[in-house]
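just coords:
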């Protein structure tokens with residue numbers, strides 16, 4: 001019998017895992033595409049990195065208009081000559097922050113050991129100087145700066161409380177991430193990118209009142225990297241009662257992608273969605289068949305299943321069933337190739353783990 005091992009099942013085989021990383025079997029191409037470059041745009045604005053100390057132009061008027069870009073502020077994650085808070089202080093003194101619409105927090109120093117408490121504190125302290133802020137992303141960090149599973153996070157909800165007019169919030173990294181249930185009247189987009197999303201974070205988001213939320217994007221990850229929620233913990237998202245405005249739902253990058261799809265097959269929330277995203281995970285014919293056999297999906301504008309382990313027959317069935325109804329279906333397997341060992345063990349991977 002063939003044994004299937006997913007990314008969380010590595011356990012004692014770290015020596016082999018190191019070999020996989022070095023040969024490219026572990027870090028998949030989609031992971032590199034996802035985390036191999038900084039955000040190019042955020043909140044509908046092109047991203048612009050605020051110059052580091054010593055690199056600033058002599059004429060600061062050469063900088064973009066405050067409202068025209070999403071400002072990215074970062075420090076070196078290893079040998080920082082300037083702390084993130086110091087760079088942010090320069091930003092506050094240089095740019096007319098009353099007009100700034102979006103901020104991207106890049107790396108802070110020693111983020112593999114230190115959480116963002118001081119970063120969050122600096123942002124909260126500056127809330128009155130950022131009255132137009134509508135988009136905020138925490139930890140736009142490349143793998144070479146800090147692997148996603150190594151990013152030390154903390155309680156990010158003070159940012160939501162400090163900025164009640166925020167419309168879009170994103171955070172990367174699940175290690176020590178805290179997200180107790182909150183209420184936010186205006187948040188429209190919430191993104192949490194992790195290699196493993198802790199169960200308490202899932203429950204906190206599920207218990208939050210977000211009446212304006214239109215888009216929810218959760219990277220569930222694997223238990224190897226702290227993703228210990230199961231499909232029952234996702235039930236509030238399937239019901240959707242706390243998210244009356246939700247139109248785009250992504251529950252992806254999961255080792256339990258089949259179970260997620262099976263639950264979505266009868267989930268009440270699906271009937272009002274425009275976009276359903278179950279990509280980047282360990283999705284097989286079992287999960288996709290359950291999804292197709294459940295409630296109609298022909299009302300969707302898009303169904304995203306890229307990075308999957310589907311047979312060609314099932315992939316063809318998906319396209320033939322949904323595309324004639326006008327649904328854009330992304331069923332590209334990307335680089336989701338199984339890795340079979342001599343003993344018959346088959347390794348399957350989420351797109352972003354470590």
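Perfect, thanks for sending it. Keep in mind that this is a model prediction, so the values were computed, not measured.

what about the strands in the stretch 151-300 of the chain?
Assigned strands in the stretch 151-300 of the chain, in chain order: 168-172, 189-193, 215-221, 248-254, 275-277 (criterion: DSSP state E, counting those that start in this stretch).

Could I get the full set of helices for the stretch 101-250 of the chain?
117-125, 157-162, 199-206, 235-239 (DSSP state H, counting those that start in this stretch).

Averaged pLDDT, the third one. What do you get?
When pLDDT is averaged over helix 199-206, the result is 98.

contact partners of it?
With contact meaning Cβ atoms under 8 Å, 6 or more residues apart in numbering, helix 199-206 is reached by 174, 177-182, 190, 192, 216, 218, 220, 228-229, 233-237, 242. Using the backbone N, CA and C atoms, a C-beta is placed for each residue, glycine as well.

Try it again at 10 Å.
Under the contact criterion Cβ atoms under 10 Å, 6 or more residues apart in numbering, helix 199-206 has outside partners 153, 155-157, 171, 174, 177-182, 190, 192, 194, 197-198, 213, 216, 218, 220, 226-230, 233-239, 242-243, 251.

What of the last one?
Counting by Cβ under 10 Å, 6+ apart, the neighbours of helix 235-239 from elsewhere in the structure are 202-203, 205-208, 216, 218, 231-232, 242-243, 246, 249, 251, 260, 263-270.

all strands of the stretch 1-150 of the chain, in order?
4-6, 41-42, 45-49, 70-73, 102-105, 135-138.

Can you select the buried ones from the contacts of helix 235-239 in PyMOL?
The PyMOL selection below is limited to those of the contacts of helix 235-239 classed as buried (16 or more other Cβ atoms under 10 Å):
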select buried, resi 202+203+205+206+208+216+218+231+242+243+246+249+251+260+263+264+265+267+269+270
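
Residue 308: neighbour count?
Residues lying near residue 308 (other Cβ atoms under 10 Å) number 27.

ugh, wrong one, residue 53
There are 11 residues near residue 53, going by other Cβ under 10 Å.

Tell me the spacing between it and residue 124.
Per Cβ to Cβ, to the nearest Å, residue 53 is found 23 Å from residue 124.

just residue 38 next, same as before
Distance from residue 38 to residue 124, counting by Cβ to Cβ: 24 Å.

Compare the two and say which one has the larger neighbour count.
Taking other Cβ under 10 Å, residue 38 and residue 124 do not tie; residue 38 has more neighbours (17 against 13).

So for that one, what's the pLDDT?
pLDDT recorded at residue 38 is 95.

ok, now which ones touch the nearest residue to it once chain neighbours are set aside?
Of all residues not flanking residue 38 in the chain, residue 140 sits nearest, at 5.4 Å (Cβ to Cβ, 6 or more residues apart in numbering). When contacts are counted by Cβ under 10 Å, 6+ apart, residue 140 is found next to 35, 37-39, 42, 47, 49, 70, 72-74, 104-107, 170-172, 193.

Wait, a strand at residue 303?
Yes - judged by DSSP: H, G, I helix; E, B strand; the rest coil, residue 303 forms part of a strand.

Near it, how many other residues are there?
Using other Cβ under 10 Å, residue 303 has 22 neighbouring residues.

What residues of stretch 308-326 count as buried?
For stretch 308-326, the neighbour count (16+ other Cβ under 10 Å) marks 308, 309, 310, 314, 315, 317, 318, 322 as buried.

Helix, strand or coil: sort out the first one for me.
Applying three-state DSSP to residue 308 yields a three-state assignment of coil.

Now the buried members of the contacts of helix 199-206.
153, 155-157, 171, 174, 177, 179, 182, 190, 192, 194, 197-198, 213, 216, 218, 220, 226-229, 233-234, 236-238, 242-243, 251.

In this structure residue 152 contacts residue 109, no?
No - with contact defined as Cβ atoms under 10 Å, residue 152 does not reach residue 109; the gap is 11.5 Å.

which intervals of this protein have sub-threshold pLDDT?
Applying pLDDT under 70 to the chain flags residues 1-34, 56-60, 80.

and if we set it to 50?
Where the chain drops to pLDDT under 50, the residues are 1-33.
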